[in-house]
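Chemist: Quick one: sequence plus predicted model below, questions after.
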Amino acid sequence: MPPRHKRISDEKGAVSIEFLGVLPYFFLFFLLLWQAVASGYAVVTARSAANEAAKVYAMTKSQTEAEAMARTIIGGSENLQFQHLSISPSGKSFELKLETSHGIVFIPEAWRPAASLSFTQTAAGRVIE
């Protein structure tokens, strides 16, 4: 076999080239996985904030204190932002709606407000007197 043909059919380094070709797909997969984890955390935190705000409203009948509790639970998170809290009383019962927005984790900070997902959590309860 001529030496030139032997060099072409040699497969040394082929695995490295294939790995470099697949590496961007692994990177994208882990970015999407991280986004799923952050989204799950945002939903659980928003649900907890709505429940705790409903407990505070049930005990104090103060929308201001309920909103303060929701803001405290959401905190200064980059992944979840407080938008609005509304309470609809109906006799001794009430329904609380907490509106939040959740940004996409892997985009630049300046673009997050335009590329955020908004969702609403609701909680219902009775005022304790």
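Modeler: Received, thanks.
Chemist: how about the strands in this structure?
Modeler: 80-90, 93-103, 116-126 (DSSP state E).
Chemist: Show me which positions of the last one end up buried.
Modeler: When you say that, I think you mean strand 116-126. With burial defined by 16 or more other Cβ atoms under 10 Å, the residues of strand 116-126 counted as buried are 116, 121, 123, 125. (Each C-beta comes from the backbone N, C-alpha and C, glycine too.)
Chemist: Which member of these is positioned nearest residue 98?
Modeler: residue 121 (4.7 Å; Cβ to Cβ).
Chemist: What sits closest to that closest one if chain neighbours are left out?
Modeler: Among residues not flanking residue 121 along the chain, residue 50 sits closest, at 4.0 Å (Cβ to Cβ, 6 or more residues apart in numbering).
Chemist: Over to residue 104?
Modeler: Sequence neighbours aside, residue 115 is the residue nearest to residue 104 in space, at 5.1 Å (criterion: Cβ to Cβ, 6+ apart).
Chemist: For the one you found, grab the count of nearby residues.
Modeler: Neighbour count of residue 115, defined by other Cβ atoms under 10 Å: 10.
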